[in-house]
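Asks: Predicted coordinates and the sequence they were generated for:
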Amino acid sequence: MELAIFYISAIVAAGGALMMILQRNPVASVLYLILSLVALAVLFVQLSALFVGSLLIIVYAGAILVLFLFVIMLLNLRGEKFTSEKPILDKGTKITLVVLFFMELVILIKQMAFPQRMDSLMTQASPDFGGVEPVATLLYTKYLYPFELTSILLLVAIVGAVIMAKRDKNEEEGER
């Protein structure tokens, strides 16, 4: 049963990430990202990292992505704006990516068929893996500066989005 949950969650996470990239509508893209993060949270819960799994849902899916949705809707971005542009990837790049992903899939299936090779790569996680104390220790010691810089970057992005939306609204009112 655990193996089935793992495979379903992994497929949903990868599919959600792929659909997030392929969407032209930014709101749909954010919703697919939320789906992918929830599937990743299920994988962390299976690893007995309950704290990290709950952080993914509460902090990322719950707060940051809702903030992204707020900014996207505040800026009034629509998918129709982007449809008239030329596609970013040409046909040759798409074919190359498909071949590379197919080769990766073949390698993964080959490794699943011969699990003795995988045993040497697998290591046992520590008993406190994903708990509150190790995550907090790393976050507030080794990764304190990147953590703070990320929060500042998010704040600047929000302020910039609000200023841009306000400027566009003032320009529209000035034209009337």
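Replies: Received, thanks.
Asks: what mean pLDDT does stretch 92-101 have?
Replies: Averaged over stretch 92-101, pLDDT sits at 80.
Asks: Pull the distance from that stretch to the chain's centre.
Replies: Centre-to-centre, stretch 92-101 and its host chain are 22 Å apart (CA atoms, centre = their mean, to the nearest Å).
Asks: Can you show me the CA trace of it as CSV?
Replies: In CSV, the C-alpha atoms belonging to stretch 92-101 read as follows (Å, rounded to 0.1, in the frame of the first residue of the first chain):
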residue,chain,number,x,y,z
GLY,A,92,13.9,20.8,-32.4
THR,A,93,14.2,21.7,-28.7
LYS,A,94,11.0,19.9,-27.9
ILE,A,95,12.1,16.8,-29.7
THR,A,96,15.4,16.8,-27.8
LEU,A,97,13.7,17.2,-24.5
VAL,A,98,11.3,14.4,-25.2
VAL,A,99,14.2,12.1,-26.2
LEU,A,100,16.1,13.0,-23.0
PHE,A,101,13.1,12.4,-20.8
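Asks: Please point out which parts of that stretch sit buried.
Replies: Buried residues in stretch 92-101, counted by 16 or more other CB atoms under 10 Å: none are found. Heads up, the C-betas are built off the backbone N, CA and C, glycines and all.
Asks: So residue 30 is in contact with residue 72, correct?
Replies: Yes. Using CB atoms under 8 Å, residue 30 is in contact with residue 72, at 6.7 Å.
Asks: between the two, which one's more packed in?
Replies: Under the criterion of other CB atoms under 10 Å, the comparison of residue 30 against residue 72 puts residue 30 first, with 21 against 17.
Asks: who's in contact with the more buried one?
Replies: Neighbouring residues of residue 30 by CB atoms under 8 Å, 6 or more residues apart in numbering: 20, 65, 68-69, 72.
Asks: Also residue 52?
Replies: Contact partners of residue 52, counting by CB under 8 Å, 6+ apart, are 44, 130, 135.
Asks: what pLDDT does the last one get?
Replies: pLDDT, residue 135: 84.
Asks: residues contacting the most centrally placed residue in the chain?
Replies: Nearest residue to the geometric centre of the chain (CA atoms, centre = their mean): residue 33, 5.0 Å. Contacts of residue 33 were listed using CB under 8 Å, 6+ apart, and they are 16-17, 20, 65.
Asks: Can you give the domain ranges for the protein?
Replies: Following automatic domain parsing, one finds the domains of the chain at 1-85, 86-126.
Asks: Flag the shaky bits of the protein, pLDDT-wise.
Replies: Applying pLDDT under 70 to the chain flags residues 74-89, 114-125, 168-169, 175-176.
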